[in-house]
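# A predicted structure for the sequence below; I have some questions about it.
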Amino acid sequence: MTIFIIAMVCEAEAVRRALGDDVRIIVSGVGKVAAAAATQRAISEFGATAICNAGLAGGFGDAVRVGGAYEVARAVEYDYDLAKLNNTRIGVVDGRTSPYFDLRLASVFQPMTLATGDRFNDSPADDALIAGELGATLRDMEGAAIAHACELNRIPCYSLKVVSDVAGSGAMTGQYLANKNSCLDALADATIRWAENLPRLEFI
């Protein structure tokens, strides 16, 4: 059984608009802990054998555009830092060697790297870390935590993101609020195509 883990009610409503009322969705709330806890609940309590995450995200660089849909090929927790303790790169979770969690692809939309952290801000330092050192073109507050929980449970994780704001094009909050409704419509449209191409997944 496939279950969607979605941060916000408005994003869940867009997915339901696309896939119908029978699709299984857990609205986790915003943030990494909430997302990981909801993912574990989906697996342990409801028997999920695959997890899908869909929602809005920030973007970096010319490779993305507002309203564009992208799949997540790999995700990293950019606010996880054990560098001084373990002499590892930022994002490398204790016990791992790579900062990136690999996700599965439906291969409908262009694959991207997602950076996840518990911050919603316009920090130049964060932007430089995410787009520069970590090579990410997308940013959110849940995706890598969901992928982390899926890796621990050895089940596949898929993620679809629609860009609501792009770094360097104005304040993140202002862009998000201005673009939110049109991007939710884009998310609903993209979800239809994406779900049709996910391999042999049962949503009901």
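Thanks, I have the structure now. Residues are numbered from 1 along each chain as shown.
# how near is the residue nearest the centre of the chain to Gly55?
The residue lying closest to the centre of the chain (C-alpha atoms, centre = their mean) is Gly143, at 3.2 Å. Gly143 is 8 Å from Gly55, where distance means C-beta to C-beta, to the nearest Å. For the C-beta atoms, the positions are set from N, CA and C on the backbone; glycine is no exception.
# name the residues contacting each of those two.
Taking C-beta atoms under 8 Å, 6 or more residues apart in numbering as the criterion, Gly143 and Gly55 both touch Lys161.
# sorry, back to before: check contacts around the residue nearest to the centre of the chain.
Ala35, Asn53, Ala57, Val72, Ala75, Leu114, Thr116, Ser159, Lys161.
# hmm, 7 Å instead?
With contact taken as C-beta atoms under 7 Å, 6 or more residues apart in numbering, Gly143 is in contact with Asn53, Val72, Ala75, Leu114, Thr116, Ser159.
# quick check: phi and psi on Ser28?
phi -80, psi -30 (degrees, to the nearest 10).
# and what about the residue nearest to it when sequence neighbours are not counted, helix, strand or coil?
Counting by C-beta to C-beta, 6 or more residues apart in numbering, Ser28 lies nearest to Ala38, which is 3.5 Å off, once chain neighbours are set aside. Under the three-state scheme (DSSP: H, G, I helix; E, B strand; the rest coil), Ala38 adopts helix.
# for Thr137, see how far away Ala38 is.
Ala38 is 25 Å from Thr137, by C-beta to C-beta.
# which stretches in the chain count as helices?
9-19, 32-44, 83-86, 124-127, 143-153, 172-196 (DSSP state H).
# show me what contacts Ala115?
Ala115 touches Val76, Tyr78, Ile130, Leu134, Ala136, Arg139, counting by C-beta under 7 Å, 6+ apart.
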